[in-house]
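Chemist: just need the structure, nothing else, for what follows:
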Amino acid sequence: MDRETRLFAECHFRRLRGRLPSRVCPTPDRVDFIENPDSFSYADFFKGYLLPNLPCIFSSAFTEGWGSRRHWVTPSGKPDFDYLLQNYGDVVVPVANCGVQEYNSNPKEHMPLRDYISYWKEFIKGHYSSPRGCLYLKDWHLCRDSSAEGIFTLPVYFSSDWLNEYWDTLDVDDYRFIYMGPTGTWSPFHADIFRSFSWSVNICGRKKWYLFPPGQEEALRDCHGGLPYDVTAPAFLESCRHRGLNHCSPPLEVTQEAGEMVFVPSGWHHQVHNMVIMRSCSGINFEEFYHFLKVIAKRRLLLAKEIGPGEVEYREGSRLDPQQIIFDISRIAEVLASVVVNPDFQRVDTSMLTPQPEDLLQQLEETMAAMESL
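Modeler: Numbers count the residues shown, from 1 in each chain. Take a look at the predicted model:
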């Protein structure tokens with residue numbers, strides 16, 4: 001991020017301050033397709049898609065150097081089962097049954113990858129049917145394993161990733177997932193954790209996405225306030241016609257080809273029908289959320305101390321450039337300030353929190369004041 005982009009972003013958030021967000025965001029006419037990595041900068045993405053909260057698709061040129069694209073796929077574009085078995089066959093993976101609904105998700109079991117691939121082959125031979133149901137390998141945290149090195153390269157557009165940075169610090173979890181499965185596997189209607197943005201790369205095969213802008217999902221709730229499980233189900237579509245849902249536009253429909261990368265903005269509900277992707281679900285209480293903010297804040301404050309007067313632009317080889325560090329500190333401060341005054345947070349016993357939220361907020365604000373001239 002350069003200085004101009006950071007100032008542009010700060011101006012954007014100042015304009016929003018004190019304004020209530022629109023309850024329903026309009027559905028864009030289309031999803032932009034980004035063709036050439038050489039002509040698309042971080043600033044282009046930040047200004048054009050991240051700040052206005054709009055989806056986009058990156059072409060396969062952005063991922064052509066990934067190890068997974070070279071090794072996991074046969075020359076004909078099919079999953080390379082032999083390679084996967086040789087390298088990960090004994091790894092135990094989570095598998096969901098897409099044919100069974102358990103609340104708004106699918107029940108899961110665990111099995112070695114080699115057993116899942118055997119099922120997959122039998123499923124294809126059985127004309128995409130099996131008495132075991134339609135099984136989908138979901139939420140496989142392969143990137144926790146050192147053997148995952150070289151599978152993918154983090155795109156620069158998503159280098160400031162607070163969620164994974166937090167979990168990497170704790171060394172207990174992450175939000176880097178691999179999904180894989182045959183035609184017919186799918187993910188029910190949902191939005192990502194904290195209403196954060198996510199990104200998803202298709203290694204092979206095709207995926208069909210149904211995307212709803214923030215607020216549109218409210219028109220889809222049933223009489224009990226519940227969201228739909230499947231927005232493509234005939235019974236659901238029929239009920240929508242009877243209810244006359246005038247406040248919900250049809251979803252954006254996107255077909256993702258092999259190698260392409262989809263950016264899903266904050267708060268966008270989506271449903272995905274399948275093959276191999278990296279994405280991200282769940283809840284957190286106020287105390288845990290403060291700890292999350294604290295971890296990222298302390299890391300940015302340490303990095304800020306290393307920034308000298310002549311080091312405010314991008315440094316080759318650095319994961320986060322100085323302008324991104326400054327921007328992150330300003331956003332953390334704003335989020336923390338809103339948390340501190342929240343009535344629900346004020347009912348939380350914060351006596352054991354270190355540092356105290358108000359003290360951390362002061363550190364962030366003092367650092368911002370000292371960096372105003374950068």
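
Chemist: CA only for contacts and neighbour counts going forward, please
Modeler: Will do.

Chemist: what is the end-to-end distance of stretch 140-158?
Modeler: 20 Å (CA to CA, to the nearest Å).

Chemist: so which bits of that stretch are buried?
Modeler: 140-144, 151-152, 157-158 (16 or more other CA atoms under 10 Å).

Chemist: got it, and stretch 227-241?
Modeler: Of the residues in stretch 227-241, 227-231, 236, 240 count as buried by neighbour count, 16+ other CA under 10 Å.

Chemist: nearest to Ile34, of the residues you listed?
Modeler: Val231 (27.5 Å; CA to CA).

Chemist: leaving out chain neighbours, which residue sits closest to the residue nearest the centre of the chain?
Modeler: For the chain, Ser198 is the residue whose C-alpha lies nearest the centre (CA atoms, centre = their mean; 1.8 Å). Nearest non-adjacent residue to Ser198, counting by CA to CA, 6 or more residues apart in numbering: Val264, 5.2 Å away.

Chemist: next secondary structure after the least confident helix or strand in the chain by mean pLDDT?
Modeler: Of all helical and strand segments in the chain, the minimum by mean pLDDT, DSSP states H and E falls on helix 234-243, at a mean of 69. Next helix or strand after helix 234-243 toward the C-terminus (DSSP states H and E): strand 252-256.

Chemist: what about dumping the CA coordinates of that following strand to PDB?
Modeler: Below are the C-alpha coordinates for strand 252-256, written out as PDB (Å, rounded to 0.1, in the frame of the first residue of the first chain):
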ATOM      1  CA  LEU A 252     -25.100 -12.700  -8.700                       C
ATOM      2  CA  GLU A 253     -24.200 -16.000 -10.400                       C
ATOM      3  CA  VAL A 254     -20.600 -16.700 -11.100                       C
ATOM      4  CA  THR A 255     -18.900 -19.700 -12.700                       C
ATOM      5  CA  GLN A 256     -15.400 -20.100 -11.500                       C
END
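
Chemist: what are the pairing partners of it, and which direction each?
Modeler: strand 207-212 (antiparallel) (DSSP bridges).

Chemist: roughly how far apart are the residue nearest to the centre of the chain and Pro26?
Modeler: For Ser198, the distance to Pro26 - CA to CA - is 20 Å.

Chemist: and stretch 26-33, what's buried?
Modeler: Here stretch 26-33 shows Thr27 as buried, counting by 16+ other CA under 10 Å.

Chemist: state the distance from Phe327 to Met371.
Modeler: 11 Å.

Chemist: and these two? Which one has more around it.
Modeler: Ranked by neighbour count (other CA atoms under 10 Å), Phe327 and Met371 place Phe327 first, with 20 against 14.

Chemist: tell me the buried residues in the helix or strand containing the more buried one?
Modeler: Secondary-structure element containing Phe327, defined by DSSP H and E: helix 322-340. Across helix 322-340, burial judged by 16+ other CA under 10 Å covers 322-330, 332-334, 336-337, 339.

Chemist: among these, which pair sits farthest apart?
Modeler: Every pair of these checked by CA to CA; the farthest is Pro322 and Val339, at 25.8 Å.

Chemist: ok, the residue nearest to Arg114 when sequence neighbours are not counted to Leu137 distance?
Modeler: Distance criterion CA to CA, 6+ apart; nearest residue to Arg114, sequence neighbours excluded, is Gly89 at 4.6 Å. According to CA to CA, Gly89 stands 13 Å off from Leu137.

Chemist: right, and His270 touches Pro214 too?
Modeler: No. Contact between His270 and Pro214 fails when scored by CA atoms under 8 Å: they sit 10.3 Å apart.

Chemist: before we move on, the earlier item: the residue nearest to Ser198 contacts Leu50, correct?
Modeler: No. Contact criterion CA under 8 Å: Val264 and Leu50 do not qualify, at 9.5 Å.

Chemist: what about the two, which has more around it?
Modeler: Using other CA under 10 Å as the criterion, Val264 and Leu50 rank with Val264 on top: 26 against 21.

Chemist: need the contact list for the more buried one.
Modeler: 54-56, 197-199 (CA atoms under 8 Å, 6 or more residues apart in numbering).

Chemist: surely the residue nearest to Arg114 meets Pro112?
Modeler: Yes. Between Gly89 and Pro112 there is a contact at 6.5 Å, judged by CA under 8 Å.

Chemist: care to break the chain down by domain?
Modeler: Domain segmentation of the chain under automatic domain parsing yields 22-273, 286-370.

Chemist: distance to Ala9 added to those, as CSV?
Modeler: Formatted as CSV, the domains of the chain follow (distance: least, CA to CA, whole Å):
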stretch, distance to Ala9
domain 22-273, 7
domain 286-370, 8
